[in-house]
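Trainee: Fold the following, please.
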Amino acid sequence: MVCFANLSIQETTSMALSNIMAVLNPTIEEQPAFERALVSAEMTGAGLLLYICLNDSCGNGGQQNITASYREKLEALAERAKTRKVDASIDIDWDDNWREQVVVAAQRNKADLIIKHSVDHGDVKRAKHSTADWTLLRQSKCPVLMIKNHTQWESRRVLAAVVDKPIDAAHEKLNQQVIGFTNDFAETYQSEAHFVVAFQDKNHEPDAADIASRCKVEAGRVHVLHGQTDVVITNIASEIKADLIVIGSVGRTGIKATVVGNTSERLLDHTNCDVLVLK
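Mentor: Below you'll find the model as predicted:
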C-alpha cells in the first residue's frame, strides 16, 4: 500500500489490502493522510474510507451544522478520489473521546490499514495525556502508517527495527514479518533495506554478522547499537536518510501496552520519517 513515488506495499508483499482508512484532522486544512492514502488506493485498487471524528470544539452552531460543514469537505475529497477511479466513501462520528473512537471506527469498517498524520508532542503533554497516536498504536488491530514526511520519498532507504532474540512465538512471527516485508519492498523498488537492533546489556552484544545472515543483507546494512530503542532507531534513520521506518508491535494491554505505546510515540516525536507499524 504505502507508496514510494509509484510503488505500493501491496505490490511488494502478500499483505492484502481492500480497505484503506485515512484519518482526517479537523484542525488543519491540508490533509497529508488523505494524500498518501489516495495514491496508495489508486495504486492497489483498494477502497478508500475518509474518516473524521467531530465534537463541539470543531466549530460553532452545534452538532448538526458542524457535521454538515465537514461532510461537505469530505464529499469533495471523495469526489476527487473518484475522478482517479478510486472507490471512496466517508464516515463521520460525533464523540468527545475521538481518540478511542478512531479505533472503534477502524474495526467497524474492517480497515486493513490505517493512515494518520502524526504531529510532534512534547514530553510534558505526552506524560499527562494519552494522545491519539498513542491510543491508535496501542489498540489498533491492523497496521498503521503514521505520516511525518509530507513530501515525496527520495532516498529509497527503508529502515526496519528487529529483535535479536524474540521472547516468544508471537514476537518471532512478527520479527519475520518485518524482515520479509522490508526485503520484499526493497527488492521490488530497487531500494536499500537496512536493519537496526538496539540492545541494553553491554555484556551481550548481538552478533551483527548473524543478524545480517538472517535478514539476508550485507553486514554494512545491519546497525547494532547500545541504547534506548527509539533513540537508536531515530539516530540510524537520520544517519542513512531513511524515508520509511518499519517496526512491529504485538498487541498488549496494561503496563506492557503503555511501554509499547510510549516507545512508538517517542520514535514518532523524534523522526521526520514516515513510520509503518506492522501488527
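Trainee: which residues of this structure fall in helices?
Mentor: 9-12, 32-44, 62-83, 98-108, 123-128, 132-139, 169-189, 208-215, 229-240, 254-269 (DSSP state H).
Trainee: Run through who's touching the fourth one.
Mentor: Surrounding helix 98-108, the residues in contact under the criterion CB atoms under 8 Å, 6 or more residues apart in numbering are 21, 23, 51, 53-55, 91, 93, 95, 114, 116, 130-132, 135-136, 139-142. The way it works is simple: take the backbone N, C-alpha and C, and place the C-beta from them, glycine included.
Trainee: Show me what counts as buried in it.
Mentor: For helix 98-108, the buried set under the neighbour-count rule, 16 or more other CB atoms under 10 Å, comprises 98, 99, 100, 101, 102, 103, 105, 106.
Trainee: ok and it relative to helix 132-139, angle-wise?
Mentor: Interaxial angle, helix 98-108 versus helix 132-139 (axes from the mean of the first three to the mean of the last three CA atoms, to 10 degrees): 40 degrees.
Trainee: Convert the C-alpha atoms of helix 98-108 to PDB, please.
Mentor: Listed in PDB are the C-alpha atoms of helix 98-108, where the atom choice follows Å, rounded to 0.1, in the frame of the first residue of the first chain:
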ATOM      1  CA  TRP A  98     -12.300  10.900  19.500                       C
ATOM      2  CA  ARG A  99      -9.000   9.100  20.300                       C
ATOM      3  CA  GLU A 100     -10.800   5.900  21.200                       C
ATOM      4  CA  GLN A 101     -13.500   6.400  18.500                       C
ATOM      5  CA  VAL A 102     -10.900   6.100  15.700                       C
ATOM      6  CA  VAL A 103     -10.100   2.600  16.800                       C
ATOM      7  CA  VAL A 104     -13.800   1.700  17.000                       C
ATOM      8  CA  ALA A 105     -14.400   3.100  13.500                       C
ATOM      9  CA  ALA A 106     -11.500   1.100  12.100                       C
ATOM     10  CA  GLN A 107     -12.900  -2.100  13.400                       C
ATOM     11  CA  ARG A 108     -16.400  -1.200  12.300                       C
END
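Trainee: Sort out for me which of the contacts of helix 98-108 are in strands.
Mentor: When strands are assigned by DSSP state E, the members of those inside them are 21, 23, 51, 53, 54, 91, 93, 114, 116.
Trainee: If any of the residues you listed are buried, put those into a ChimeraX selection.
Mentor: Selecting the buried subset of these in ChimeraX, with 16+ other CB under 10 Å as the burial test, is done by:
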select :21,23,51,53,54,93,114,116
